[in-house]
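> this is a predicted model, with the sequence first.
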Amino acid sequence: MFWKINFRQPSAIEGLLDKEDCTLSEILDEDDVLQECKTQNKKLIDFLIRPENLEQLIHYVCDEPNSEDEDKVRFKYPHLACEILTAEIFAVIECLTTNDTYLPMLWAFLDNEPPINPLTGSFISKVLSMLLNQRTAIYLEYIQKREGFTDSFLRHLGTSAMMDLLLQMIVSPDGDQQRINLAYWLKDNGVIEKLIDFIHPSAGVNQCINASQAICDMIRISRDTSQMSGPSPLLATLESEDTIERLLKNIFDVNEPPDWTVINGVAVILTALEKRMGGPYSPTFGQQPQEDSSSSWDEAVERTLSATVSRIKLFHELLLRKSEYEPVLCTVGLLDPPLGNMRLQVVHLFSALLHTQDVRIQREIIRNKTCTVLMDLFFQYPWNNFLHMYVESFVTAALSSTSPVPMEMNDDTGQSDETITLRQHLLSECNLVQRLLEGAEKNENIIEAKGCRQGYMGHLIRMVNQIAGNTRALALGTGTVTRTGDDVTMIQDNTLQSELDDDTFQRWSEFLLGPLADMNKKNDTNLGGTRPLTCSIDSDEEFDPLHIGP
């Protein structure tokens, strides 16, 4: 029969393997070597697991390329060796994990001075990750017995492949107990504290970046697994007040911390403030999350805020720091100085902190007049929509804050003699309404002169609508609805008049009834006019938009 006939072309590798003096290089030069490995060619696999050949494959993976070698020795052979070792060939995996020679060879890079060649590091990481997945117990037993493993490993954190390998150690172990045991071992070896110490002005840039990314991923992974499998030993350390305090102390260990230290430190704090609802790392898919996950998150946020509140002034001063970046010429003009990612991330941090509605954070922001600085930046960089988004989020949180904030404490009574809400501070002391009106007027002048609307206008309109109280005023019963025909022109919060002077309130009312109403109407208009017709999938009639008929 036709299907019983094997039409597979014989591989040239078969002929090479019949030679008594066949070399590994000759095998690697063949184009179909990987295909033959994946089809479990027994003769080829027996050749590859010979001690001299397996050692040579490991050398190709682990040894940094010599610039004097041929390109195929520097690039092709290491790539093929990595792919062969990670092809999940049972005989190869058994040899690598049962022979005492090979694991030390794969981990020999720990004794080298950093940094590792990034390409070599990626090959090593891929092979070790495969062994971790396939022979978890043997792998973990080896690294736990190796003296000084964590210090030697973290020295190479500047290579991103090593960060990926560290995360694989946390994610990959099968079974909750094995994962918990590894977490306790990492905790007892001070891995979290050592990673935090890389976020320091004295650390290298790549080490700082990778340490921050590793910590952020560990927080997310640990929270996801904790919702399904119970508390994580690593998460308890990651979310502790001491850890956040250590991080903040590292960031501000010098008077003017470099931008990369601030950026990566802020990334960790923002992750600590995140609330996640489970993710791809959940090891027991289908189980219900733990009931106390929300309260655990609230407690973690409280600890983060307690450590952060005393550094609000230092973060505020970072916004005022003169930028060291050179002017940048872009399509909208000259940025002199550019905002920079550091200040952008600090604005993001203030927005996230304010959304916690913590009174201590609000008090520090009021004292430092952070709202005024953020609005200065908002209008100074009219085309930075990331900045506008964070400032708008900040303003939204501030406007919704109506709880009195005690400012100065009376030593005799132990109570505050003065209180103010963040909303009052924003409207009365920071002149938010006046600044938004001025920004809108400036936009109109620029449109007349250049025909181009300012980039912040979309966010400005949303903030104006927030202040106008389109939802809040009605909810509180203090709103007045103004209609033009069947359309709602304005929902005016009557309490706003008491927070503004007469002239400003008059300008505000005119703006709401005029330009804002026009812009809202335009924004609410569907593209193309009316809504497109929809076809019901439950209808028995065929959809016939052109009315052609049968």
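Right, received. Where do you want to start?
> report the separation between the nearest residue to E241 once chain neighbours are set aside and N112.
Leaving aside its sequence neighbours, E241 sits nearest to R303 (C-beta to C-beta, 6 or more residues apart in numbering; 4.2 Å). Just so you know, the C-beta spots here come from the backbone N, C-alpha and C atoms, and that holds for glycine as well. The spacing between R303 and N112, counted by C-beta to C-beta, to the nearest Å, is 39 Å.
> compare those two (neighbour count), which wins?
R303 (18 against 15; other C-beta atoms under 10 Å).
> pull the contacting residues for the more buried one.
R303 is in contact with E239, S240, E241, I244, counting by C-beta atoms under 8 Å, 6 or more residues apart in numbering.
> three-state assignment of it?
Following DSSP: H, G, I helix; E, B strand; the rest coil, R303 is assigned to helix.
> what pLDDT does the model give it?
The score at R303 is 94. That number is its pLDDT.
> tell me where the stretch 151-300 of the chain is predicted with low confidence.
173-176, 276-294 (pLDDT under 70).
> revised request: answer the last question for the stretch 401-550 of the chain.
In the stretch 401-550 of the chain, residues with pLDDT under 70: 409-417, 470-495, 529-550.
> swap the cut-off to 90 and go again
401-421, 424, 427-428, 449-452, 466-506, 509, 512-514, 516-550 (pLDDT under 90).
> who's the closest spatial neighbour of L17, skipping the chain neighbours?
Per C-beta to C-beta, 6+ apart, closest to L17 is K43, 5.2 Å.
> that neighbour: neighbour count?
Around K43 there are 12 residues (other C-beta under 10 Å).
> what does E241 give?
For E241, using other C-beta under 10 Å, the count is 15.
> mind listing what it touches?
R303, T304, S306, A307.
> might one say that the residue nearest to L17 is in contact with L16?
No: counting by C-beta atoms under 8 Å, L16 is not a contact partner of K43; they are 10.1 Å apart.
> ok, now which ones touch the closest residue to L238 other than its chain neighbours?
Using C-beta to C-beta, 6+ apart and skipping the chain neighbours, the partner closest in space to L238 is I219 (5.2 Å). I219 sits next to L235, L238, E239, V268, T271, A272, E274 when contact means C-beta under 8 Å, 6+ apart.
> pretty sure I219 sits in a strand.
No: counting by three-state DSSP, one finds I219 to be helix, located in no strand.
> quick check: it vs A398, distance?
Taken as C-beta to C-beta, the span from I219 to A398 is 27 Å.
> do the same with C430
9 Å.
> just Q134 next, same as before
For Q134 relative to A398 (C-beta to C-beta), the value is 53 Å.
> out of the two, which sits in the busier spot?
Per other C-beta under 10 Å, whichever of Q134 and A398 has more neighbours is A398, with 26 against 17.
> what helix or strand is the residue nearest to L17 located in?
Secondary structure from DSSP states H and E places K43 in helix 42-48.
> and if you look at A272?
Here A272 is assigned to helix 259-273, by DSSP H and E.
> packing partners for that helix?
helix 205-229, helix 241-251, helix 293-308, helix 341-354 (3 or more C-beta pairs under 8 Å, 6 or more residues apart in numbering; DSSP states H and E).
> Throw the ones you listed into a markdown table and include distance to T97, thanks.
Output for the helices and strands packed on helix 259-273, formatted as a markdown table (distance: least, C-beta to C-beta, whole Å):
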| stretch | distance to T97 |
| --- | --- |
| helix 205-229 | 25 |
| helix 241-251 | 35 |
| helix 293-308 | 37 |
| helix 341-354 | 43 |
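> show the subsequent helix or strand relative to the helix holding K43.
Following helix 42-48 in sequence, per DSSP H and E, is helix 51-62.
> who's in contact with that next one?
24, 47-48, 77-78, 80-82, 84-85, 92, 95-96, 101-102, 105-106, 108-109, 120, 123-124, 127.
> the closest residue to V268 other than its chain neighbours and P201: what is the separation?
Residue nearest to V268 in three dimensions, not counting chain neighbours: I215, with 5.2 Å by C-beta to C-beta, 6+ apart. Separation of I215 from P201 (C-beta to C-beta): 17 Å.
> what ranges do the strands span in the protein?
In the chain, the segments counted as strands under DSSP state E are 328-330, 333-335, 405-406, 419-420, 479-484, 487-493.
> what is the third one packed up against?
Spelled out, that is strand 405-406. Counting by 3+ C-beta pairs under 8 Å, 6+ apart, strand 405-406 packs on helix 359-368, strand 419-420.
> now it: how far from the chain's centre is it?
Its chain's C-alpha centre and that of strand 405-406 lie 33 Å apart, by C-alpha atoms, centre = their mean, to the nearest Å.
> strands paired with that strand, and their directions?
strand 419-420 (antiparallel) (DSSP bridges).
> so how far is the strand it pairs with off the chain centroid?
36 Å.
> please apply the same query to stretch 178-197.
21 Å.
> what count of nearby residues applies to I49?
17.
> once you drop chain neighbours, what's closest to E14?
K43 (7.1 Å).
> do the same with L427
E499 (4.6 Å).
> what residues are up against that neighbour?
Contacts of E499 by C-beta under 8 Å, 6+ apart are Q424, L427, S428.
> likewise E245?
A307 are the contacts of E245 under C-beta under 8 Å, 6+ apart.
> distance of it relative to I366?
24 Å.
> for G204, same thing?
38 Å.
> the two: which has the busier surroundings?
I366 (21 against 16).
> just checking, the more buried one touches T421?
No: checked against C-beta under 8 Å, the pair I366 and T421 is beyond contact range at 9.5 Å.
> which residues do these two both contact?
With C-beta under 8 Å, 6+ apart as the test, I366 and T421 both reach V405.
> out of the contacts of E499, which are buried?
Using 16 or more other C-beta atoms under 10 Å as the burial test, the contacts of E499 include Q424, L427, S428 as buried.
> show me which of these is closest to V347.
L427 (20.3 Å; C-beta to C-beta).
> what's the neighbour count on D501?
Count around D501 with other C-beta under 10 Å applied: 12.
> ok, now Y456?
25.
> compare I215 and P201 (neighbour count), which wins?
Set I215 next to P201 and count neighbours by other C-beta under 10 Å: I215 wins out with 25 against 16.
> you'd agree the more buried one is up against L235?
No: contact criterion C-beta under 8 Å: I215 and L235 do not qualify, at 11.5 Å.
> can you map out the helices along the stretch 101-250 of the chain?
Residue ranges of the helices in the stretch 101-250 of the chain, as given by DSSP state H, counting those that start in this stretch, are 102-106, 118-134, 136-145, 149-154, 160-171, 176-188, 191-198, 205-229, 233-238, 241-251.
> export those helices to CSV and append columns for distance to D298.
What follows is those, written out as CSV (distance: least, C-beta to C-beta, whole Å):
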stretch, distance to D298
helix 102-106, 44
helix 118-134, 34
helix 136-145, 34
helix 149-154, 32
helix 160-171, 24
helix 176-188, 23
helix 191-198, 21
helix 205-229, 13
helix 233-238, 14
helix 241-251, 14
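> E326: which of these is closest?
Short answer: helix 205-229, nearest of these by C-beta to C-beta, at 18.5 Å.
> distance from the chain centre to that closest one, please.
10 Å.
> okay, the angle between that helix and helix 176-188?
Interaxial angle of helix 205-229 relative to helix 176-188 (axes from the mean of the first three to the mean of the last three C-alpha atoms, to 10 degrees): 140 degrees.
> show me which residues of helix 205-229 are buried.
Buried-residue list, helix 205-229, by 16+ other C-beta under 10 Å: 206-229.
> grab the nearest non-local neighbour of H316.
In space, H316 is closest to N368, 4.4 Å off (C-beta to C-beta, 6+ apart).
> list the residues that contact the closest residue in space to A307 that isn't next to it in sequence.
Once flanking residues are discounted, A307 sits nearest to I244: 3.9 Å by C-beta to C-beta, 6+ apart. Shown in contact with I244 (C-beta under 8 Å, 6+ apart): I269, A272, R303, T304, A307, T308.
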